[in-house]
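Chemist: have a look at this prediction, sequence included:
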Amino acid sequence: MERYVASLAPETVSLVRLRAGFKLDASETLHAECIAPANTKPWAAAVAELEKLLMKSQRGLSLSIVLSNQLVRYRLIPAMPPLTAADKVLTVATHCFRETYGDVVNDWLVRVNPLPDGDTLIASAVDSGLIAALELLSQQYGCRLQSIQPYLMSGFNRIRHQIKATASCYVQLESGRITIALMRDGAWHSIAGCGVGRDWPEQLPALITREMLLVGWQHEQPIIYLSIPDTTQYAAASATFAASAIWKTVRVTHTAVAGHAASQHQCYSMALSVVG
């Protein structure tokens, strides 16, 4: 009836204890800020902070971890024919990453999402040292590690049924970073991420336009699905689009969790993205 969900980003870590009942309840919330020292893995300080939070946790509960998009690489690859062996799909995905990043891919753990209805697959790559560190922490503190998911996928899977088959743009905001994904008719066309400052609402239309031009969507008018937990930030982005009167925006909705208000507790939104 109880479980933990956590989020891990280079500068922040959150841990939420959930209790299932008549309503899903966030019975305990813990959060820590951290600074990644130079010349270290970008996730090392965050893992150390997560360990401190797990020291306070109850043993024996399951744990699901969401990784910031800053800790994950993404690639789109052509979908394989039906019944293609999983190892062959993984080999193709690994080759695609190696073409871009070189031999450093040898130290990454590459995964591919299940075959979708469309004609593309999403491959993700994470430092294998990070995965090993999280698995070790789970063992040390008596947690049953249920899943480790990239934020893009955990967030999208929660709201995928809200997204229509027409040209669509999924925008996911986290601290200092925006991830933009274009899709149509069940197929992914583009995934891009970039760091942003306080003026990101004004930058966002230009960032989306750039991605549309790169995939040949010069004449499309996609629906913009905004995954922006903070109400004030969402209002700022929505107003920017309303002023241009070009694209329709939709605020994606999530499962309600008692004791959690996204506008007041934004730091826990990433961890709670695994709650379906």
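Modeler: Alright, I've got the coordinates.
Chemist: what about the helices in the stretch 51-200 of the chain?
Modeler: Counting by DSSP state H, counting those that start in this stretch, the stretch 51-200 of the chain has helices at residues 86-101, 128-140, 151-159, 200-214.
Chemist: show me what the first one is packed up against.
Modeler: Pointing back at helix 86-101 there. When contacts are defined as 3 or more CB pairs under 8 Å, 6 or more residues apart in numbering; DSSP states H and E, helix 86-101 sits against strand 73-78, strand 108-112, strand 120-127. All C-beta atoms are positioned from the backbone trio N, CA, C, and that covers glycine.
Chemist: what of the third one?
Modeler: Packing contacts for helix 151-159, counted by 3+ CB pairs under 8 Å, 6+ apart, involve strand 62-67, strand 120-127, strand 168-174, strand 177-184, strand 223-227.
Chemist: after the helix or strand bottoming out on mean pLDDT in the chain, which helix or strand is next? Please name it.
Modeler: Least confident helix or strand of the chain, by mean pLDDT, DSSP states H and E, is helix 231-244 with a mean of 85. Going down the chain from helix 231-244, the next helix or strand is strand 249-251, by DSSP states H and E.
Chemist: tell me what that following strand is packed against?
Modeler: So strand 249-251, by 3+ CB pairs under 8 Å, 6+ apart, packs with strand 223-227, helix 231-244.
Chemist: would you mind giving these as a markdown table with distance to residue 174 and mean neighbour count added?
Modeler: Listed next are the helices and strands packed on strand 249-251 as a markdown table, based on distance: least, CB to CB, whole Å; neighbours: other CB atoms under 10 Å:
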| stretch | distance to residue 174 | mean neighbour count |
| --- | --- | --- |
| strand 223-227 | 9 | 20 |
| helix 231-244 | 11 | 14 |
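Chemist: could those go into JSON lines alongside distance to residue 106?
Modeler: Converted to JSON lines, the helices and strands packed on strand 249-251 look like this (distance: least, CB to CB, whole Å):
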{"stretch": "strand 223-227", "distance to residue 106": "33"}
{"stretch": "helix 231-244", "distance to residue 106": "39"}
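Chemist: tell me which of the helices and strands packed on helix 86-101 sits most buried.
Modeler: Ranked by mean neighbour count under mean count of other CB atoms under 10 Å, the helices and strands packed on helix 86-101 are led by strand 120-127, which reaches a mean of 21.
Chemist: how about residues contacting that one?
Modeler: For strand 120-127, the surrounding residues in contact (CB atoms under 8 Å, 6 or more residues apart in numbering) are 41, 43, 67, 71-80, 89, 93, 96-97, 105, 107-113, 115, 148, 150, 152-153, 187-189, 191.
Chemist: again with stretch 35-55
Modeler: Residues contacting stretch 35-55 (CB under 8 Å, 6+ apart): 6, 8-13, 15, 30, 32-34, 70-71, 127, 129-130, 133-134, 137, 140-141, 143.
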